[in-house]
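Participant: Any chance you could fold what I've pasted below:
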Amino acid sequence: MLAEIGRVMGQPSVVVFENTAAITDAICEELIGLQVIRTMSKEFLLPLLRGRSLVILGPSVVRADSVLDLAQTIRLSAPGISLLALTAVSSEELAIAALRAGINEYVKYPFDSGELTEAVVRCLAGQRGKTEGHVFGNNDHDDCLAMGDSCEIVGQSAAMREVRMRMKKMAASGSNVLITGETGTGKELVAELVHKQSPRRKNPFVTLNCAAIPDGLLESELFGYERGAFTGATSRQQGKLKAAEGGSVFLDEIGEMSPYGQAKLLRMIEGKEIQRLGRDGAVTVDIRIIAATNQELECMVNDGKFRKDLFFRLNVARIHVPPLRERKEDLPLLINHFVQHFNHQFGRAVERLSDEAMDALLAYDWPGNIRELKNLLEAIFVELPSEGERCPQLPSLFRRRCEELRATTGDERDRLLWALSMSNWNKSKAASKLSWSRMTLYRKMARYKIS
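Facilitator: Now for the predicted structure:
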């Protein structure tokens with residue numbers, strides 16, 4: 001990937017500042033295709049910055065107490081350059097401090113294979129966006145890069161590293177995959193990346209919203225129909241499943257599929273064939289099923305609302321996408337990502353959010369997860385005055401909401417017990433009272449040992 005980017009960008013220059021030669025060698029091995037300049041001396045670092053695209057601060061440099069001061073010094077000397085820090089620790093405090101100091105990305109050291117490459121690509125993409133006014137990607141590569149609505153996962157928390165690890169493992173397996181997580185966490189993005197990292201990546205990735213297909217249209221939508229199969233069938237339609245031949249089908253909101261649809265889907269998975277409307281014989285299909293839900297399918301199986309046999313066939317490989325409130329150390333990276341995206345979209349030059357805004361965002365619980373965060377940041381850009389601001393504040397409506405939450409939020413366990421008591425231990429109603437999903441409610445009950 002870096003070789004292709006080096007070709008597109010005219011071999012950008014990267015400065016590696018690290019005191020240990022062995023670590024510098026390891027870093028440089030990941031940067032093949034780029035022009036790399038090494039230095040072990042702070043004295044020689046600043047004169048090397050002119051005309052460079054990126055500075056990588058090694059872990060021995062980052063361990064020093066003055067690294068944030070160094071980052072600010074680099075920023076003053078070369079305002080447009082990207083900064084990437086390698087650190088032996090990963091924490092919310094470090095992420096906040098790094099963002100405020102102007103560090104674009106940080107990667108935990110020792111890094112996994114490809115992890116540093118991905119961070120370098122993001123930094124260089126930001127550089128190209130600044131100089132040419134657009135972003136770029138390589139759709140033929142396993143990892144797709146773009147800004148905003150893209151197939152890029154942003155985050156260096158332990159939870160997201162686990163997600164990335166499981167994605168690569170599941171992609172290679174070829175088995176059906178079940179992705180769980182709350183609304184707005186990015187389950188469709190994970191599904192798309194599993195497909196793009198799999199041997200099926202050159203074939204179609206077809207998305208279906210199970211909640212949006214009524215039973216009357218399910219067979220024609222999924223399986224297709226022949227010409228003349230019913231009134232209005234003026235031409236043959238192959239159906240969404242056959243359209244994904246050789247590739248993957250993403251079944252979003254699988255928990256919302258009707259019992260009739262579940263039975264039809266189960267038969268297709270078992271027989272690997274479909275019965276097209278108006279056709280006598282069956283049609284074989286070669287597809288991989290990736291399903292996603294924000295519901296607890298195990299509970300739905302126990303309640304008789306979801307077929308047990310279908311659940312077992314979908315739940316072969318499983319990936320859980322954590323909610324944003326459980327990986328808040330990723331918030332500064334996500335905010336920086338979306339700020340750069342909306343700078344490009346709206347033609348702005350916002351550098352960062354104010355310290356007060358960052359504190360409010362970190363204290364917020366994010367029930368709508370990444371989708372809510374993106375929508376909020378877009379609202380900030382929409383409300384900017386025509387001349388723009390370098391460090392804008394949060395919208396007044398959001399600030400009032402945060403103040404109300406702080407005023408009403410007590411002990412979480414007490415609030416959970418109150419909601420369960422008020423709803424006569426009806427978990428759906430209790431979750432609604434707390435503005436949680438059922439999945440969140442069950443996790444909180446397990447955390448606080450409430451049965």
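
Participant: How much space separates Lys202 from His195?
Facilitator: For Lys202, the distance to His195 equals 10 Å [Cβ to Cβ, to the nearest Å]. Using the backbone N, CA and C atoms, a C-beta is placed for each residue, glycine as well.

Participant: name the element Val107 belongs to?
Facilitator: Element membership of Val107 [criterion: DSSP states H and E] is strand 105-108.

Participant: Which residues does that strand contact?
Facilitator: When contacts are defined by Cβ atoms under 8 Å, 6 or more residues apart in numbering, strand 105-108 is touched by residues 82-90, 94-95, 98, 115-116, 119, 122-123, 156, 161, 333.

Participant: Repeat that for stretch 36-55.
Facilitator: Residues from elsewhere that reach stretch 36-55, judged by Cβ under 8 Å, 6+ apart: 9, 12-19, 21, 24, 28, 70, 73-74, 77-78, 81-84, 120, 123-124, 127.

Participant: Report the buried residues of it.
Facilitator: Residues Val36, Arg38, Thr39, Met40, Leu45, Leu48, Leu49, Arg52, Ser53, Leu54, Val55 are the ones in stretch 36-55 that count as buried (16 or more other Cβ atoms under 10 Å).

Participant: if you look at those, which of them are in helices?
Facilitator: Judged by DSSP state H, the buried residues of stretch 36-55 include Leu45 as members of helices.

Participant: Can you name the two of the buried residues of stretch 36-55 that sit furthest apart?
Facilitator: Across these, the longest distance by Cβ to Cβ is 20.5 Å; it joins Met40 and Ser53.

Participant: Now, of the contacts of strand 105-108, which are buried?
Facilitator: Among these, those classed as buried by 16+ other Cβ under 10 Å are 82-87, 90, 94-95, 98, 115-116, 119, 122-123, 156, 333.

Participant: which residues in this structure form strands?
Facilitator: Along the chain, counting by DSSP state E, strands occupy 13-17, 35-39, 54-57, 82-87, 105-108, 177-180, 205-209, 248-252, 273-274, 283-284, 288-293, 317-320.

Participant: got TSV for those strands, with distance to Ala430 and mean pLDDT too?
Facilitator: Below are the strands of the chain laid out as TSV (distance: least, Cβ to Cβ, whole Å; pLDDT from 0 to 100):
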stretch	distance to Ala430	mean pLDDT
strand 13-17	52	90
strand 35-39	56	88
strand 54-57	47	91
strand 82-87	40	87
strand 105-108	37	82
strand 177-180	20	96
strand 205-209	27	91
strand 248-252	26	94
strand 273-274	41	86
strand 283-284	46	87
strand 288-293	20	95
strand 317-320	22	94
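
Participant: Dump those strands into CSV; add distance to Phe306 as well.
Facilitator: CSV is the format used below for the strands of the chain (distance: least, Cβ to Cβ, whole Å):
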stretch, distance to Phe306
strand 13-17, 51
strand 35-39, 53
strand 54-57, 48
strand 82-87, 43
strand 105-108, 38
strand 177-180, 12
strand 205-209, 17
strand 248-252, 13
strand 273-274, 22
strand 283-284, 27
strand 288-293, 9
strand 317-320, 15
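
Participant: closest to Arg399 out of the ones you listed?
Facilitator: Nearest to Arg399, of all these, is strand 105-108, at 28.5 Å by Cβ to Cβ.

Participant: mind saving the C-alpha coords of that closest one as CSV?
Facilitator: Only the C-alpha atoms of strand 105-108 are listed here, as CSV (Å, rounded to 0.1, in the frame of the first residue of the first chain):
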residue,chain,number,x,y,z
GLU,A,105,-2.1,9.5,15.3
TYR,A,106,-0.6,7.3,18.0
VAL,A,107,0.2,3.6,17.8
LYS,A,108,0.9,1.3,20.7
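
Participant: now it, how far from the chain's geometric center?
Facilitator: 16 Å (Cα atoms, centre = their mean, to the nearest Å).

Participant: List the strands paired with that strand, with their directions.
Facilitator: Each strand that pairs with strand 105-108, with its direction, by DSSP bridges: strand 82-87 (parallel).

Participant: what's in contact with the strand it pairs with?
Facilitator: 18, 27, 53-59, 62-63, 67, 71, 74-75, 94, 98, 102-109, 111, 116, 119-120, 123-124, 126-127.

Participant: from the residues you listed, which would you call buried?
Facilitator: Among those, those buried by neighbour count (16+ other Cβ under 10 Å) are 18, 27, 53-59, 62, 67, 71, 74-75, 94, 98, 102-109, 111, 116, 119-120, 123-124, 126-127.

Participant: Give me the domain ranges for this structure.
Facilitator: Following automatic domain parsing, the chain resolves into domains at 2-132, 158-320, 346-408, 412-447.

Participant: wait, which of those domains is closest to Glu329?
Facilitator: Ranking these by distance to Glu329, with Cβ to Cβ as the measure, places domain 2-132 first at 4.0 Å.

Participant: contacting residues for Ser248?
Facilitator: 191, 194-195, 198, 200, 203-206, 287-290.

Participant: switch to 7 Å and redo it
Facilitator: His195, Arg200, Phe205, Ile287, Arg288, Ile290 (Cβ atoms under 7 Å, 6 or more residues apart in numbering).

Participant: so what's the residue nearest the centre of the chain up against?
Facilitator: When Cα atoms, centre = their mean is applied to the chain, the residue found nearest the centroid is Ile153 (3.8 Å). By Cβ under 7 Å, 6+ apart, the residues touching Ile153 are Met160, Arg164, Leu189, Leu193.

Participant: Highest neighbour count among these?
Facilitator: Counting neighbours by other Cβ atoms under 10 Å, Leu193 leads the contacts of Ile153 with 23 neighbours.

Participant: Isn't it up against Met167?
Facilitator: Yes: with contact defined as Cβ atoms under 7 Å, Leu193 reaches Met167; the gap is 5.7 Å.

Participant: list residues touching both of those two?
Facilitator: By Cβ under 7 Å, 6+ apart, no residue touches both Leu193 and Met167.
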